[in-house]
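Participant: this one's sequence-less:
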């Protein structure tokens with residue numbers, strides 16, 4: 001039964017990619033940028049990212065693979081990144097995800113403790129404000145209404161962060 005679910009997930013992911021692919025140009029990586037420095041250490045950079053409060057969560061804009069910006073929940077309790085099948089279809093439609101970006105299947109434990117199987121893809125580039133991160137693994141939720149989550153695991157170069165709820169800004173302190 002478990003192998004049938006895994007096979008079904010992979011087939012679904014493959015079909016989305018094959019049917020929506022249009023062979024778009026691949027973006028060249030750009031250097032890591034920052035909006036300001038802090039302290040006397042020239043190696044430590046700070047990037048400020050605005051957020052909106054919505055239903056008790058912080059929503060930030062994340063540009064994926066130079067394609068489109070998606071509103072994502074900044075979820076410090078999430079270990080990685082999660083997008084729904086709808087966002088995957090958008091990325092595939094515009095040629096920003098190909099078969100080469102399929103990583104495989106993983107098991108994930110969701111907030112209620114349930115363990116589910118999800119397809120995993122590689123996102124070549126995330127841009128969050130002036131912060132750029134490369135080669136981030138994202139799980140794909142088959143639930144079209146699933147929220148998009150940006151967790152700690154997606155922030156590879158972030159040493160720490162602080163949240164200013166009054167100013168609606170998250171400050172990422174880079175390594």
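Facilitator: Sure, I can see it. Quantities reported herein were computed from a predicted structural model and do not represent experimental measurements. Numbering: from 1, shown residues only.
Participant: From here on, just use CA atoms for contacts and neighbour counts.
Facilitator: Fine.
Participant: Any figure for the gap between residue 58 and residue 138?
Facilitator: 19 Å (C-alpha to C-alpha, to the nearest Å).
Participant: can you list the weak-confidence ranges in this protein?
Facilitator: 1-44 (pLDDT under 70).
Participant: Sheet partners, orientation included, of the strand ranked longest in it?
Facilitator: The longest strand of the chain (DSSP state E) is strand 115-128. Sheet pairing of strand 115-128 (DSSP bridges) gives strand 57-64 (antiparallel), strand 102-109 (antiparallel), strand 131-141 (antiparallel).
Participant: I'd like to know which of these is closest to residue 94.
Facilitator: strand 57-64 (11.6 Å; C-alpha to C-alpha).
Participant: can you pull the buried residues of the closest one?
Facilitator: For strand 57-64, burial by neighbour count (16 or more other C-alpha atoms under 10 Å) applies to 58, 59, 60, 61, 62, 63, 64.
Participant: Now the two most distant members of these.
Facilitator: 58 and 64, at 18.3 Å, using C-alpha to C-alpha across the buried residues of strand 57-64.
Participant: what about residue 173, how many residues close to it?
Facilitator: Neighbours of residue 173 under the rule other C-alpha atoms under 10 Å: 19.
Participant: residue contacts, it?
Facilitator: 44, 45, 46, 47, 158, 159, 160, 161 (C-alpha atoms under 8 Å, 6 or more residues apart in numbering).
Participant: of all those, which comes closest to residue 129?
Facilitator: For the contacts of residue 173, the nearest to residue 129 is residue 47 (7.4 Å; C-alpha to C-alpha).
Participant: for residue 48, what are its contacts?
Facilitator: By C-alpha under 8 Å, 6+ apart, the neighbours of residue 48 are 35, 129, 130, 169, 170, 171, 172.
Participant: if you set the cut-off to 6 Å instead, what comes out?
Facilitator: 170, 171 (C-alpha atoms under 6 Å, 6 or more residues apart in numbering).
Participant: before we move on, the earlier item: narrow the contacts of residue 173 to those in strands?
Facilitator: 45, 46, 47, 158, 159, 160, 161.
Participant: Which of the residues you listed has the largest number of neighbours?
Facilitator: residue 46 (24 neighbours).
Participant: How much space separates that one from residue 155?
Facilitator: 13 Å.
Participant: Likewise for residue 108?
Facilitator: 19 Å.
Participant: Which residue of those two possesses the greater neighbour count?
Facilitator: residue 155 (22 against 14).
Participant: All set, thanks.
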